[in-house]
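> with the input below, show me the fold.
(one chain, ligands or ions: 1)
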Amino acid sequence: MRFDRLSTPLGQPYITNIEEVPLYHFYPGASVLVLEIPGCPLRCQYCDRPELAGSASWSPYDPQRLASAMEQLAQDPRFRGIVWGGGEPALHWDNVVENSRVVLDTGMSVIVATNGGLTADLLHDSPGMIDALLVQFKGFSEETYRSRGGPDALLSNSCSLVEKAIESGIHVELMLDVVRDTPAEEAEYLNMLAWINHDLRRNIPLHLRAIAPEHGFAIQHGPSTSFLENLVELARKQHVGFVYLSNCHGHFFNNTMCPNCFSVVIDRTVQPPDLSFVTDGKCAQCGTDLELILNTR
Ligand code: SF4
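Numbering: from 1, shown residues only. Purely as a prediction, here's the structure:
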């Protein structure tokens, strides 16, 4: 199995498929413009973009230039909007907000991918500014966050952010780094599933990101495919509906299965994904509402 990095050239805006963000339930098959912000509150030993994460140099994005880029990009019916990534978008939040307004004015979407720097308070102070949020978890204990150089309470901040975003009607997907196949990682994952079950909703998409040494990460062994597959099975047993092996390229567990009848409703082994088994956002087989946001352009 080949593990993709879920990352691309450093620092330059680029166009990608929304599945690469990864977002799987928000305009599947769309393309997006990714804008990266340097700096990160964490120092993961396996970071695939240490130059960007450790960088203090920064030149703000220009709203006028972004507006003219939007005008051109919007001519492609697949184009859906921008993704703020990094690094950590919250570190230059004023510039993010200023530029996001321009994008929203064109009717396009604003997506933010955060490592936990974005707080529920910042979100509250920027109403209507985000359409979709990817919250990237580095583990599910404060101890793991500390071992990755994170400041105190980053995990609890991320949990509060997710809860607040859902309350505000923002589309939210989660991502969890899986670094090794150890009982400790499995235990943290089970705690995360329990949080999803008790405090969120079971249909929230969760992307597992396998950290793989073949990408030059400073780790000895990454997780095995069987360990990752077992994590997906554990979620199914707990009725957490949509857990994906998002950087295990071509793996069956990247397909969306109906949580009711288990038919494959979105096939992601092809690009753009095959949505022919979705009818009006529902499973074509049994009619279950899949809670997808679909492109109607
Ligand atoms: S959170 Fe992401 S960008 Fe930041 S140090 Fe860790 S891997 Fe790198």
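> rest of the way, CA atoms for contacts and neighbours
Will do.
> for the stretch 51-200 of the chain, which residues are neighbours of the ligand?
By C-alpha under 6 Å from any ligand atom, the residues of the stretch 51-200 of the chain that approach the ligand are 53, 87, 115.
> run the last query once more with 5 Å
Proximity of the stretch 51-200 of the chain to the ligand (C-alpha under 5 Å from any ligand atom) is limited to residues 53, 87.
> could you list the low-confidence segments of the stretch 151-297 of the chain?
Counting by pLDDT under 70, the low-confidence segments of the stretch 151-297 of the chain come to 296-297.
> what about the strands in it?
Along the stretch 151-297 of the chain, the stretches classed as strands by DSSP state E, counting those that start in this stretch are 171-178, 206-210, 243-244, 256-257, 264-266, 278-279, 282-283.
> turn the ones you listed into JSON lines, including mean neighbour count and distance to Leu193.
Shown next, in JSON lines, are the strands of the stretch 151-297 of the chain (neighbours: other C-alpha atoms under 10 Å; distance: least, C-alpha to C-alpha, whole Å):
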{"stretch": "strand 171-178", "mean neighbour count": "21", "distance to Leu193": "11"}
{"stretch": "strand 206-210", "mean neighbour count": "26", "distance to Leu193": "9"}
{"stretch": "strand 243-244", "mean neighbour count": "24", "distance to Leu193": "10"}
{"stretch": "strand 256-257", "mean neighbour count": "22", "distance to Leu193": "18"}
{"stretch": "strand 264-266", "mean neighbour count": "22", "distance to Leu193": "22"}
{"stretch": "strand 278-279", "mean neighbour count": "18", "distance to Leu193": "26"}
{"stretch": "strand 282-283", "mean neighbour count": "20", "distance to Leu193": "24"}
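> export those to a markdown table and tack on distance to Pro272?
Formatted as a markdown table, those follow (distance: least, C-alpha to C-alpha, whole Å):
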| stretch | distance to Pro272 |
| --- | --- |
| strand 171-178 | 20 |
| strand 206-210 | 19 |
| strand 243-244 | 17 |
| strand 256-257 | 14 |
| strand 264-266 | 10 |
| strand 278-279 | 14 |
| strand 282-283 | 19 |
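> contacts for stretch 130-145, please.
22-23, 26, 42, 109-116, 148, 151-155, 158, 162, 165, 170-178, 185, 188-189, 191-192 (C-alpha atoms under 8 Å, 6 or more residues apart in numbering).
> and Gln72, which of the strands of the stretch 151-297 of the chain is closest to it?
strand 171-178 (25.8 Å; C-alpha to C-alpha).
> strand partners of the closest one, parallel vs antiparallel please.
According to DSSP bridges, strand 171-178 forms sheet pairs with strand 132-137 (parallel), strand 206-210 (parallel).
> now do the longest one: distance to the chain's middle.
Relative to its chain's centre, strand 132-137 lies at 5 Å (C-alpha atoms, centre = their mean, to the nearest Å).
> what mean pLDDT does that strand get?
Strand 132-137 shows a mean pLDDT of 98.
> can you list the buried residues in the helix or strand just after it?
Later in the chain than strand 132-137, the nearest helix or strand by DSSP states H and E is helix 142-147. Residues of helix 142-147 classed as buried: 142, 145-146 (neighbour count, 16 or more other C-alpha atoms under 10 Å).
> adding pLDDT, write these out as TSV.
Shown next, in TSV, are these (pLDDT from 0 to 100):
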residue	pLDDT
Glu142	94
Tyr145	96
Arg146	95
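> show me which of those is closest to the ligand.
Tyr145 (9.7 Å; C-alpha to the nearest ligand atom).
> can you verify my assumption that Val112 contacts Pro89?
Yes. With contact defined as C-alpha atoms under 8 Å, Val112 reaches Pro89; the gap is 7.3 Å.
> chain center to the longest helix belonging to the chain: distance?
Longest helix of the chain, by residue count under DSSP state H: helix 183-199. Centroid separation between helix 183-199 and its chain, computed with C-alpha atoms, centre = their mean, is 18 Å.
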